[in-house]
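below are the sequence and a predicted model for it; my questions follow.
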Amino acid sequence: MLKNSCTQTKKFALILSLSFIAIASIFQTAKAAEITSATLNKETYLPGQTGYISVSIYNDRDANISTTELSATIDYYYADGTVYVQKFFTNEDLPDEIEPGQTETYSLPVSLPTNIAPGYVELMVVARTRLWNNETGLWIYSDNPSQQVKLYVESPYKQSYEDSQEELQNSQVQLEGQETANRNLTVTATVLGVTTAVFGAIAALLVFMFRRPRPIAQPP
């Protein structure tokens, strides 16, 4: 009877331990990942344009980590002053494992509305990760590293003005080039005319000299 009681106690203790490990694996948080860089593909954007953020995640632990989600949240103003919050997700295959001491870089697409107000906009990049526990052979929840990225939205009116100025400058360059070509053509025509006149005068002089009547010899 005592033996059965001890066996049941051991089983209960084992079940309790496994339950504790399972609960700990759900709620345990361990630093396992770090976003080492998050950079936009260009410095300025126009309303309605699309781009992407290159996000590098580093595994600073001695076991594999897994990236389960990568997103960027943006709060921006519409041109009429309305505030809007939008969340973008990576289109790469997740979850993705990262070995100890290694870095993986992911692409996170971003798309701006056509009526977004110009100015600086902040994006919060967040990666959800989990850590492999070698002792239990289970994934445990890990930290969610984050990094802030600033995006500059340029006014479409400024871009239109710059485009018009560029077109005007190109037109002026073309006009100056045409005027230079015309001047060169005028100079060439003048030089050719003068040269033709000179050669004509020389030819006329030679003809005159060779065609002069010779004096007739008088008989003795």
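Looks like it arrived, so ask away.

every contact and neighbour count from this point should use C-alpha atoms.
OK.

so what's residue 152 closest to, chain neighbours aside?
With Cα to Cα, 6 or more residues apart in numbering as the measure, residue 120 is the residue that lies nearest to residue 152, at 4.4 Å, once sequence neighbours are left out.

ok, the one you found - contacts?
With contacts defined as Cα atoms under 8 Å, 6 or more residues apart in numbering, residue 120 is in contact with 150-153.

from residue 153, how far off is it?
From residue 120 over to residue 153 the distance is 6 Å, taken as Cα to Cα, to the nearest Å.

skipping its backbone neighbours, what lies nearest residue 40 in space?
Spatial nearest neighbour of residue 40, excluding adjacent residues (Cα to Cα, 6+ apart): residue 53 at 4.5 Å.

phi, psi for the one you found please.
Main-chain torsions, residue 53, degrees, to the nearest 10: phi -110, psi 130.

report the beta-bridge partner residues of it.
Note on residue 53: beta-bridge partners by DSSP bridges are residue 40, residue 108.

quick thing: my sequence starts at 57, can you match it?
With the count now opening at 57, the last piece we talked about shows up as residue 109.

isn't it up against residue 93?
No. Counting by Cα atoms under 8 Å, residue 109 stays clear of residue 93, with 9.7 Å between them.

okay, these two: which has more neighbours?
More crowded of residue 109 and residue 93, by other Cα atoms under 10 Å: residue 109, with 21 against 15.

how about the more buried one, what does it touch?
Residues touching residue 109, when contacts are defined by Cα under 8 Å, 6+ apart, comprise 94-97, 163-166.

can I have the buried ones of the residues you listed as a PyMOL selection?
Once 16 or more other Cα atoms under 10 Å is used to decide burial, the buried members of the contacts of residue 109 can be selected in PyMOL as follows:
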select buried, resi 94+95+96+163+164+165+166
